[in-house]
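Asker: Next comes the sequence, and after it the predicted model I'd like to discuss.
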Amino acid sequence: MEHWTITREADGLATLTFDKAGASINTLSADVLAEFGEALDRLDREPPKGLIVRSGKDNGFIAGADVGEFGEVKDEAGALAIVRRGWEAFERLAQVKYPTLALVRGFCFGGGFELALACRYRVVVDEPGTRLGLPEVMLGIVPGWGGIKRLPRLVGAPAALDLLLTGKSVDARRARKLGAADECVPVRIMENTARGVLRALPPPRALPLPLSLTLNPLARKVIAAQAEKEVGKRARRAHYPAPYAILELFVKYDGNALAVPPADPASIPTLLRSPTTANLLRVFKLQERLKGLGKEGDFEAGHVHVVGAGTMGGDIAAWCALRGLRVTLQDQNAERLVPAMKRAGKLFADRLKDPRRARDARDRLIPDVAGDGVARADVIIEAIYENVDAKRALFASLSRQAKPGAILATNTSSIPLEEIATALADPARLVGLHFFNPVARMMLVEIVIGRDTKAELVPQAAAFVRQIDKLPLPVKSAPGFLVNRVLAPYLMAAMRAVDEGVAPETVDEAALAFGMPMGPIELADTVGLDICVSVGKLMGGDVAPPKRLMDLVEAVHLGKKTGRGFYAWVDGKAQKQKAGDVPAGLADRLIDPYVAEARKALAEGIVADADLVDAGAIFGTGFAPFRGGPLHYAATR
């Protein structure tokens, strides 16, 4: 066989290893699943005492279905064929007479997780790269190969629906705690544990009684109705039909996507015909393209030094420490570091869910008032306030202390690199690494290329961005770069509507109804109104800024970071009144300037092509993903 290998051992156990030929990761394409059936045929003819299913690749178990095949579907029969081949393969796996075990190390997503769920046992390896999840909803489709059926039976309906409806993943320890895995072990004993489970054959895990009751048909309806209310707060049915389809499959069909009538809104053929699905698949491909940019360089950082412990600098430092890097954080005195360290501690606790891992992350983040880390750092990131003279003075000092191979980067959100680089003896060493607020949620990092930035720095910077699990986007140094440039006219249009008497909540509602994940007024408060003024001056020329914006900034009401802006902020949440009726044409009034500026940015070569403009808009500003990006939206509306 080309993709699967069967290895038999003297004690009667067998191993089925998946190593997709000619591919860097394992995906379940049509030919792979056909060969999987052939492997089961061979095992049926000579049944083993137990079977371990594992990956032959170092980087993970299985990434899921081959997404490229979705775009090849021409009709209803083709859509159903995709569902049928996976459903039938995993139903067959679940029914074999010999015990089966999935040995999961690294990513295990979508169809890969559904394959693991079809095994009798699951052993997961306890290391940071092991993640399990069903992200199909993020592509506008549903887990059609048994995930909606099997996951609730292992973890109960509430936990299963939380994973199914959000597409989020869990680490190995969380999977074990939920019941999605039987054992969670270090890599050094994973082989022995897998064999030990198949020799001992413990009874398959049974749901505790309270959770088993959540699978009762009446309870399913009640739980699904509650879940639908929560989904409605985040995703409107007209924009994102997939989560609603998952709930219908769970309640009416026990997760069997083949049982849904083809004309039903919850059916796979209907979903695959949806513009939402086509655009979310486009977004997935854009994301993969950005990830690919990080593979062009071989740079790897061990130590990062961040100067500036404000909201951005502190959160950049915390994120790098979360991703496993040693980080030194510098500011003028220890008191300025305290808030950043507190925020970092909360991030580590929330994301890592384990006191020991959170402690290790805290240990990696080192307060450094004296700046001793500069000389040892592989990447030095400046994140002080937006003042070109202050940045020049800082880089004059940093460039003298930094080791020759270190990346010198500025997180400036608006100042062209050429104006900062004059402070360096070698201006070619400076590159921009522009993160977005909130750092922990926004995946994009603009790699800003100045007029003098040496070409080899760009792939190195992209490799670093991927190392910390962000998405790199190379952009030309110009006022506002890409993201702030397209965002500025959108935010200014929103604030001018407020000046004219439209309530901030109503302006935000117009954008939310269009499909934006956050309204522009709330977004402005989140970014910081002082930043909005700074970018607006760069982009607006002689146009007077919105009056309400300037009044708030003069009163030092800068938004979320000061507790008050257009909205009052309590515990990190905007305090809003109910939105009024949205005036006709308000959404177009907000979106049209955004699209127009995106076209100008493309024409001026700020990024290489239209797809990268759309990628920057989606991952940097949250432009409605189901619309495929501003230029794609404009071309297809």
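Answerer: Nice, thanks for sending it over.
Asker: show me where the stretch 301-450 of the chain has helices.
Answerer: 311-322, 334-352, 355-364, 388-401, 417-421 (DSSP state H, counting those that start in this stretch).
Asker: for those helices, which one ends up most surrounded?
Answerer: Counting by mean count of other Cβ atoms under 10 Å, helix 311-322 has the highest mean neighbour count of the helices of the stretch 301-450 of the chain, with a mean of 25. From N, CA and C alone the C-beta is placed, and that goes for glycine too.
Asker: what packs against that helix?
Answerer: Helix 311-322 is packed against strand 303-307, strand 326-330, helix 334-352, helix 355-364, strand 365-367, with contacts defined by 3 or more Cβ pairs under 8 Å, 6 or more residues apart in numbering; DSSP states H and E.
Asker: Tell me who's in contact with Leu101.
Answerer: 50-53, 119-123, 194, 197-198 (Cβ atoms under 8 Å, 6 or more residues apart in numbering).
Asker: Could you double-check that Lys576 lies in contact with Phe566?
Answerer: No. Counting by Cβ atoms under 8 Å, Lys576 does not reach Phe566; the two are 9.8 Å apart.
Asker: which of the two has more neighbours?
Answerer: Higher neighbour count among Lys576 and Phe566: Phe566, with 26 against 17, using other Cβ atoms under 10 Å.
Asker: quick one on the thing from earlier: which neighbours do Lys576 and Phe566 have in common?
Answerer: 504, 522.
Asker: so how far is Asn484 from Cys532?
Answerer: Cys532 sits 9 Å away from Asn484, going by Cβ to Cβ, to the nearest Å.
Asker: same deal with Val439?
Answerer: 16 Å.
Asker: do the same with Glu604
Answerer: Glu604 sits at a distance of 15 Å from Asn484 (criterion: Cβ to Cβ).
Asker: So which of the two has more stuff around it?
Answerer: Shown here are Glu604 and Asn484; by other Cβ under 10 Å, Asn484 has more neighbours (25 against 11).
Asker: so what's the more buried one up against?
Answerer: Applying Cβ under 8 Å, 6+ apart to Asn484 gives the contacts 413-414, 535, 539.
Asker: show me where the stretch 51-200 of the chain has helices.
Answerer: 76-95, 111-118, 147-155, 157-166, 172-178, 190-200.
Asker: For the fifth one, name the packing helices and strands.
Answerer: Looking back up the chat, that one is helix 172-178. Packed next to helix 172-178, using 3+ Cβ pairs under 8 Å, 6+ apart, are strand 121-125, strand 183-185.
Asker: Reformat these as TSV; add mean neighbour count.
Answerer: Formatted as TSV, these follow (neighbours: other Cβ atoms under 10 Å):
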stretch	mean neighbour count
strand 121-125	26
strand 183-185	21
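Asker: Do I have it right that Ala440 meets Leu347?
Answerer: Yes. Between Ala440 and Leu347 there is a contact under Cβ under 8 Å: 5.9 Å.
Asker: and for those two, which residues touch both?
Answerer: What both Ala440 and Leu347 touch, as defined by Cβ under 8 Å, 6+ apart, is the set 315, 318-319.
Asker: JSON lines for those, including distance to Gly580?
Answerer: Formatted as JSON lines, the shared contacts of Ala440 and Leu347 follow (distance: Cβ to Cβ, whole Å):
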{"residue": "Asp315", "distance to Gly580": "35"}
{"residue": "Ala318", "distance to Gly580": "39"}
{"residue": "Trp319", "distance to Gly580": "38"}
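Asker: got the contact list for Asp31?
Answerer: 2-3.
Asker: ok so it is a helix residue?
Answerer: Yes. Per DSSP: H, G, I helix; E, B strand; the rest coil, Asp31 lies within a helix segment.
Asker: tell me the pLDDT at it?
Answerer: Note on Asp31: pLDDT of 96.
Asker: The helices of the stretch 301-450 of the chain: which one's closest to Asp11?
Answerer: Nearest to Asp11, of all the helices of the stretch 301-450 of the chain, is helix 355-364, at 35.7 Å by Cβ to Cβ.
Asker: Could you give the separation of the closest one from the chain centroid?
Answerer: Helix 355-364 sits 23 Å away from the centroid of its parent chain (Cα atoms, centre = their mean, to the nearest Å).
Asker: what packs against that helix?
Answerer: Counting by 3+ Cβ pairs under 8 Å, 6+ apart, helix 355-364 packs on helix 311-322, helix 334-352.
Asker: Those helices into CSV, with extra columns for distance to Pro489?
Answerer: Listed next are the helices and strands packed on helix 355-364 as CSV, based on distance: least, Cβ to Cβ, whole Å:
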stretch, distance to Pro489
helix 311-322, 23
helix 334-352, 31
